[in-house]
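Asker: Need coordinates for the below:
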Amino acid sequence: MPFRKATFTQCYPKYVMSNAVSAATYKLALIMTIFTMSARAADFRALDIGQSCASAREWEVSKGSIPAPGRKGPGADIYAFEGRDFDRELSFSYFCIDGNLFAGNYFFPIESLEQVAETYRDVHATLFSVYGDAFLDNSPWNSDGDKRFIAKDASKYVASWRTSRTSVNLAVQPNPSTENSNSGWRVFLVIGQLRSSTKSP
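Answerer: Take a look at the predicted model:
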C-alpha cells in the first residue's frame, strides 16, 4: 500500500477546528464592536448638540417620522416632526442656531393626570437607565417613596440630568383648553447644551 502523506488538518483536526471557531468568534466580536460604535446614541435623536442640522430631516424621514410645520428665523430654525420614541407616538423638534443643533424638544400627548403621571414615571425610568441618578429630582415619590402617589401640583414632576456637555430636563405642565386642543397634562423633555458656567457633577 503506497504511503500517503497526511495533511495537518488530518493530524490535528481539533486544533484546526478550535482555531476556526476562534477566528469566527473574533470576526463576530469585531462586527459587534463596529456596530456598537456606529449605533452610539446621539444627544438628541440623530444628532449631537452642536452638530449640523442639515441631515436631520433626511434621517427622520428614513425612520418613518412625519415632517410637521417648523419655523425659520434670523439665525435660528426649528425642524418639527411627528414620530415615535419612548415607546409612544409624540412630537419632537430640533432647535438649531446658525445651522447647528442647540436643543431638542419632545412634546408628549395631552393626557389625564393619572395617565401623565404614568408617562412621566416611564420616561423618568428610561432616562435614569441612560444617565443614572438625576442632578435634580423633585418627583413626588422621592419624598414618600410610593410611586402610586399622584401629585396635583405640576412642579412636583421635575427632574434634571447633566452630562459633560448636555442638560436633560423632564417636566409636566398643565395644558389649558384651546381651540385646537383639550385641557389636560403634558410631559415635556428638553435636551440642550449645558451652559459653560454650569459644571456637571
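Asker: Give the buried residues for stretch 80-88.
Answerer: For stretch 80-88, the neighbour count (16 or more other CB atoms under 10 Å) marks 80-81, 83, 85 as buried. From N, CA and C alone the C-beta is placed, and that goes for glycine too.
Asker: Return the subset of those residues lying in strands.
Answerer: Among the buried residues of stretch 80-88, the members found in strands (DSSP state E) are 80-81, 83, 85.
Asker: Tell me which helix or strand comes right after the helix or strand hosting Ala159.
Answerer: Ala159 is part of strand 158-162, with elements assigned from DSSP states H and E. Next in sequence after strand 158-162, counting helices and strands by DSSP H and E, comes strand 166-175.
Asker: So which elements touch the following helix or strand past that following strand?
Answerer: As assigned by DSSP H and E, the chain's next helix or strand after strand 166-175 is strand 184-193. Judged by 3 or more CB pairs under 8 Å, 6 or more residues apart in numbering; DSSP states H and E, strand 184-193 is in contact with strand 100-107, helix 113-131, strand 166-175.
Asker: Break this protein into its domains for me.
Answerer: Domains of the chain are assigned by automatic domain parsing as 8-38, 56-193.
Asker: looking at these, which is closest to Leu47?
Answerer: Nearest to Leu47 among the domains of the chain is domain 56-193 (4.7 Å), distances taken as CB to CB.
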